[in-house]
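Sequence plus predicted model, see below.
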Amino acid sequence: NAGVTQTPKFQVLKTGQSMTLQCAQDMNHNSMYWYRQDPGMGLRLIYYSASEGTTDKGEVPNGYNVSRLNKREFSLRLESAAPSQTSVYFCASSNQGDRETDTQYFGPGTRLTVL
Amino acid sequence: RKEVEQDPGPFNVPEGATVAFNCTYSNSASQSFFWYRQDCRKEPKLLMSVYSSGNEDGRFTAQLNRASQYISLLIRDSKLSDSATYLCVVNRKAAGNKLTFGGGTRVLVKP
């Protein structure tokens, strides 16, 4: 049981390049999330998917797109990377519901640098 | 004003001592509260949920004060392994199961 996995772990891009961050969970969770974490800023929600087939914007969606490919997988795409997107990206999943099940479980993160 | 605010620290704590810190939240509709722990360059992990009546998990005690809109975390008998950043997290069910994170409080336990 791997929990939440993310690929790649590290990535360096040049401004204007595109890439897709992959995330998968094996806990049969309904909801999945993408966050970015910048120094002193805390985690900020980029996009989330409450259930398979749905996606919604979070706090900082500009410059990103997402795809909920199936219940297990939720990808984040940067179409034209900018230096402001240099950050650590975390994927998370949860079962939306009562207090005992709305814990979010995080992947190990992707460290992205845009030059 | 940030929705969830924390003192960034660091709180330098002698091993074996007690440390406590608070987090304030601005939205009175917040319904669920959590403390997550994040080690350096690692992912956040749930430490404990915070219930209205206050709750304890071993050396960790969490309190919620709805009237003043803050939650607290107290760590007793600090261990070197408690060194981490502690993230205060709130959830408004009406906004979906979306968590709002504070910036974190860094705790350094020293021998």
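It's in.

Is the spatially closest residue to residue A:20 that is not a sequence neighbour bridged to anything, and to what?
Spatial nearest neighbour of residue A:20, excluding adjacent residues (C-beta to C-beta, 6 or more residues apart in numbering or on different chains): residue A:77 at 4.7 Å. (C-beta placed from N, C-alpha, C; glycine too.) Beta bridges link residue A:77 to residue A:20, residue A:65 when assigned by DSSP bridges.

Check residue A:77 and give its pLDDT.
In this model, residue A:77 is scored at 98, pLDDT.

again, but for residue B:49
Residue B:49 is given a pLDDT of 89.

after the strand or helix carrying it, next one along is what?
Secondary-structure assignment from DSSP states H and E places residue B:49 in strand B:45-50. Using DSSP H and E, the next helix or strand after strand B:45-50 towards the C-terminus is strand B:55-57.

Please enumerate the strands of the chain.
This is for chain A. A:4-7, A:10-13, A:19-25, A:31-38, A:42-49, A:56-57, A:64-68, A:74-78, A:87-94, A:105-106, A:110-114 (DSSP state E).

right idea, wrong chain: chain B
B:4-6, B:11-14, B:19-25, B:32-38, B:45-50, B:55-57, B:60-65, B:70-75, B:84-91, B:99-101, B:105-110.

how about the residues of chain A near chain B?
A:31, A:33, A:35, A:40-45, A:48, A:50, A:56, A:58, A:90, A:94, A:96-97, A:99, A:102-104, A:106-109 (C-beta under 8 Å from any C-beta of the partner chain).

Now, of these, which are buried?
For the residues of chain A next to chain B, a burial check counting by 16 or more other C-beta atoms under 10 Å in any protein chain shown picks out A:31, A:33, A:35, A:42-45, A:48, A:50, A:58, A:90, A:94, A:96, A:102-104, A:106-109.
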